[in-house]
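S.K.: quick one: sequence and predicted model below, then my questions.
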Amino acid sequence: MSETPTHVGEILEHIAQLLELKGENPFKIRAYTNAARALESLSEPIETIVNEGRLGSIEGIGKAITEKVTELVTTGKLPYYEELKASFPDGIFELFELQGLGAKKIKALHDQLGVSSVEDLERVCKEGKAAELAGFGEKTQVKLLKAIEDHRKHAGRFRINVVAVLADQLLSDLRAHEAVGQISEGGSFRRRKETIGDLDILVSSKDPEEVTTFFVHHPLVEEVIVSGPTKSSVRLKDGVQCDLRVVKPEEFPFALVYFTGSKEHNIRLRSRALDRGWSLNEYRFTVVGDAEGAQQPPVIHDEKELYKSLGLDFIPPELREDKGEIAAAEAGTLPDLIEWSNLRGTFHCHTTASDGKNSLIEMARAAIDLGLEYLGIADHSKSSFQARGLDASRLAEQVAEIRELNTSKEFQEAGFRLFAGTECDILKEGDLDFTDEVLATLDYVVASAHSGFTADEKTMTERIIRAIRNPHVTMMGHLTGRLLLSREAYPVNIPAVIEAAAETGTIIEINASPWRLDMDWRWWPLAKEKGVKCSINPDAHTVFGLQDLIYGVGIARKGWLTKTDVVNCLPLGKVEAALAAKRLKQAEE
DNA sequence: GCCGTTTTCGGCCCGACTGTTTTCAGTCG
């Protein structure tokens, strides 16, 4: 069983928590936390890095942690961790997930009341014992019970579409308020992460209390968690937590950078500021040390000027993940990221022929309304029984219908075109659900796996690569099969798949459904480096589903992609050749 | 435990809010 990066990262995170419980040096604790983060943002298998002895060259991983991770990856065990863990029960880690509960309090609860799980904590709180501990009180006890309830009700994160709806409403209502000056979303939502923990909103105002009052009384707010003069937290409908910060107008750019994060990105900016003799916080630059000789920081009006003052080009929020964006901004080599307006069409949509809710013509008209020049239809193939997958004859009927529609006056006048495709199941062994003769009648083919998810990594990878080697497979659909917050990805060696895609000229999809956002943004820089093209596909099952494309654009941006990396930025006149390129190439070879 | 051109010691990002205190510790982001 191989150690996934997340698994190793999780163990380092646990070590940090255990050291905290033991009251260790805070900086040692931070070192483990930093190392855990560093490993979680890797874009290649950790085994490779360990085997090639490159672990120590990752920033935040030094001699001691290199040894421990190497031991863990090569032997599957880490005695140091086992020993630390021996003094505390396994349930202790879940306690760290409760709001308002940290290491100090967990330790007090454990040592004095024998609390070793969330259930234990619930019991001692109900018995009134928690309130008797030093530093605890009645209010703390009530808050802990509430935290347990919240944890059970809405543990975890939210898909981006859930947060987007709330954000749109709140931002537009706040924007209309007279006391609100500048306003922006922040946090992981602004960075367009695949899932969002909470929604951050930043406002500038000369009357912070007025804005805060308006905010905590907004109809979407179900509960106020904390509320101070400049900072408040509420629980919205659907359980999403939302934090509002109100700052002075001149503080806004500093606060916006600060609250957009990521934390790692901010730490880099701060140390860059220190190099220039300035301390950077969420409000301003301050000259540090003996001001003699230190240069005065410039006056900052917006984020762009802030980055410029640190010798950097403006870094789009999606890139602020400490994955090389600072170095690129310094060198002036940041990519010109793809934008929504660059999309000219899209592929991989469903209709009522399989499991979609709208007909062919309804989907086409919705695409025209969105301003698209073309739409690729890819209904399920016959093995997807549950989705009413099409067999060869139903597919042939649909192809005929598409060809017919393309000659219609309506399409001609709109300069619009449908492409006939399929979302063809990858069967066991990597065979496809249609014969090559059938596939050859289509404009393009999306190949996806919808079954056999329990196969091991080697089998799954071979299956997918075999499908990729078929000359008719234009693009790979939702590469890992993950359903965010619901179903884990099946194991697949992504670098190997990227390699095969590069070799064969196979496109890889960004499935833009907020449930998938697959292939993950962390892999796109590698794919781009290898020359693999991307297609941003909505996997739409309704006319509204086409709008999910916007989330796919966010993920493409996070993956450093430009419009030249994305095939559906090509105009109608050129995209056909891009779809045919692989078949031609393989025919020549 | 990590890091480094003031480099092998002595730093390590910084501030808001809450509750329990009576000036501050704990937690969070």
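M.R.: Sure thing, it's come through.
S.K.: if I look at A:V246, how far off is DNA strand B?
M.R.: Shown here: A:V246 relative to DNA strand B, a distance of 8 Å by Cβ to the nearest atom of the strand, to the nearest Å. C-beta: built from backbone N, CA, C; applies to glycine.
S.K.: hmm, A:F453 is touching A:Y490, no?
M.R.: Yes. The criterion here is Cβ atoms under 8 Å, and A:F453 meets it with A:Y490 at 4.4 Å.
S.K.: which of those two has more neighbours?
M.R.: A:Y490 (19 against 14; other Cβ atoms under 10 Å).
S.K.: mind listing what that one touches?
M.R.: Contacts for A:Y490 (Cβ atoms under 8 Å, 6 or more residues apart in numbering) come out as A:A449, A:F453, A:T454, A:A455, A:M460, A:T480, A:G481.
S.K.: looking at those, which one is closest to DNA strand B?
M.R.: A:T480 (27.9 Å; Cβ to the nearest atom of the strand).
S.K.: next, count neighbours for the nearest residue to that closest one once chain neighbours are set aside.
M.R.: Closest residue in space to A:T480, ignoring its immediate chain neighbours: A:A489 at 3.5 Å, by Cβ to Cβ, 6 or more residues apart in numbering. When neighbours are defined as other Cβ under 10 Å, A:A489 has 19 of them.
S.K.: what about the strands in the stretch 51-200 of chain A?
M.R.: A:158-159, A:183-186, A:195-196, A:198-204 (DSSP state E, counting those that start in this stretch).
S.K.: check whether the longest one comes near DNA strand B.
M.R.: Yes. With Cβ under 7 Å from any atom of the strand as the threshold, strand A:198-204 lies in contact with DNA strand B, specifically through A:D198, A:D200.
S.K.: so which elements touch that strand?
M.R.: Judged by 3 or more Cβ pairs under 8 Å, 6 or more residues apart in numbering; DSSP states H and E, the packing partners of strand A:198-204 are helix A:160-175, strand A:183-186, helix A:187-190, strand A:241-247, helix A:252-260.
S.K.: now the ones you listed as a markdown table including mean pLDDT and mean neighbour count?
M.R.: Below are the helices and strands packed on strand A:198-204 laid out as a markdown table (pLDDT from 0 to 100; neighbours: other Cβ atoms under 10 Å):
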| stretch | mean pLDDT | mean neighbour count |
| --- | --- | --- |
| helix A:160-175 | 94 | 17 |
| strand A:183-186 | 96 | 20 |
| helix A:187-190 | 94 | 24 |
| strand A:241-247 | 93 | 23 |
| helix A:252-260 | 94 | 22 |
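S.K.: would you point out which residue of chain A is nearest DNA strand B?
M.R.: For chain A, Cβ to the nearest atom of the strand, closest residue to DNA strand B: A:G137, 1.9 Å.
S.K.: can you redo the helices and strands packed on strand A:198-204 as CSV with distance to A:H350?
M.R.: Formatted as CSV, the helices and strands packed on strand A:198-204 follow (distance: least, Cβ to Cβ, whole Å):
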stretch, distance to A:H350
helix A:160-175, 18
strand A:183-186, 31
helix A:187-190, 28
strand A:241-247, 34
helix A:252-260, 35
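S.K.: which one of the ones you listed lies closest to A:L442?
M.R.: helix A:160-175 (30.3 Å; Cβ to Cβ).
S.K.: now check that closest one, is it near DNA strand B?
M.R.: No. Between helix A:160-175 and DNA strand B, judged by Cβ under 7 Å from any atom of the strand, nothing touches; the nearest distance is 14.5 Å.
S.K.: how much does that helix deviate in direction from strand A:241-247?
M.R.: If you take axes from the mean of the first three to the mean of the last three Cα atoms, to 10 degrees, helix A:160-175 sits at 30 degrees to strand A:241-247.
S.K.: and helix A:160-175, what does it pack onto?
M.R.: By 3+ Cβ pairs under 8 Å, 6+ apart, helix A:160-175 packs against strand A:183-186, helix A:187-190, strand A:195-196, strand A:198-204, helix A:208-216, helix A:549-558.
S.K.: go with 6 Å
M.R.: strand A:183-186 (3 or more Cβ pairs under 6 Å, 6 or more residues apart in numbering; DSSP states H and E).
S.K.: what lines up beside the strand it packs on in the sheet?
M.R.: strand A:198-204 (antiparallel) (DSSP bridges).
S.K.: buried residues in the strand it pairs with, which are they?
M.R.: By 16 or more other Cβ atoms under 10 Å, the buried positions in strand A:198-204 come out as A:D198, A:L199, A:D200, A:I201, A:L202, A:V203, A:S204.
S.K.: do stretch A:301-309 as well
M.R.: A:E303, A:L306, A:Y307, A:S309.
S.K.: now stretch A:558-573: mean pLDDT?
M.R.: Mean per-residue pLDDT for stretch A:558-573: 97.
S.K.: now that stretch: buried residues?
M.R.: A:K558, A:G559, A:W560, A:L561, A:T562, A:K563, A:D565, A:V566, A:V567, A:N568, A:C569, A:L570.
S.K.: which ones are touching the most centrally placed residue in chain A?
M.R.: In chain A, the residue lying closest to the centroid (Cα atoms, centre = their mean) is A:E194, at 2.5 Å. A:E194 makes contacts with A:L484, A:L517, as judged by Cβ atoms under 6 Å, 6 or more residues apart in numbering.
S.K.: and A:H217, by the same measure?
M.R.: By Cβ under 6 Å, 6+ apart, A:H217 has no neighbours at all.
S.K.: ok, now the one 3 residues further on?
M.R.: The neighbourhood of A:L220, defined by Cβ under 6 Å, 6+ apart, consists of A:L236, A:K237.
S.K.: for A:K231, what are phi and psi?
M.R.: phi -140, psi 130 (degrees, to the nearest 10).
S.K.: isn't it up against A:V246?
M.R.: No. Judged on Cβ atoms under 6 Å, A:K231 makes no contact with A:V246 at a distance of 7.7 Å.
S.K.: list residues touching both of the two?
M.R.: With Cβ under 6 Å, 6+ apart, A:K231 and A:V246 have no common neighbours.
S.K.: could you find the closest non-adjacent residue to A:L479?
M.R.: In space, A:L479 is closest to A:M519, 4.5 Å off (Cβ to Cβ, 6+ apart).
S.K.: over to A:D425. Which of the three states is it?
M.R.: strand (DSSP: H, G, I helix; E, B strand; the rest coil).
S.K.: sorry, back to before: the residue lying closest to the residue of chain A closest to DNA strand B once chain neighbours are set aside: neighbour count?
M.R.: Here the nearest residue to A:G137 in space, its sequence neighbours aside, is A:A131; by Cβ to Cβ, 6+ apart that works out to 5.8 Å. As a burial measure, A:A131 scores 16 neighbours (other Cβ under 10 Å).
S.K.: distance of A:A131 from A:A587?
M.R.: 77 Å (Cβ to Cβ, to the nearest Å).
S.K.: check A:G371 too.
M.R.: With Cβ to Cβ as the criterion, A:G371 and A:A587 are 35 Å apart.
S.K.: neighbour count winner among those two?
M.R.: Counted by other Cβ under 10 Å, A:G371 and A:A587 do not tie: A:G371 has more neighbours, with 11 against 8.
S.K.: just say helix, strand or coil for the more buried one.
M.R.: A:G371 is classified as coil under three-state DSSP.
S.K.: ok, now how distant is the residue nearest to A:F215 when sequence neighbours are not counted from A:T260?
M.R.: Distance criterion Cβ to Cβ, 6+ apart; nearest residue to A:F215, sequence neighbours excluded, is A:L244 at 4.9 Å. A:L244 sits 15 Å away from A:T260, going by Cβ to Cβ.
S.K.: residue numbers of the stretch 51-200 of chain A in contact with DNA strand B?
M.R.: A:59-66, A:98-106, A:131, A:134-141, A:143, A:187, A:198, A:200.
S.K.: quick one: A:I160 and A:P514 touch, right?
M.R.: Yes. Assessed by Cβ under 6 Å, A:I160 is found in contact with A:P514 at 5.2 Å.
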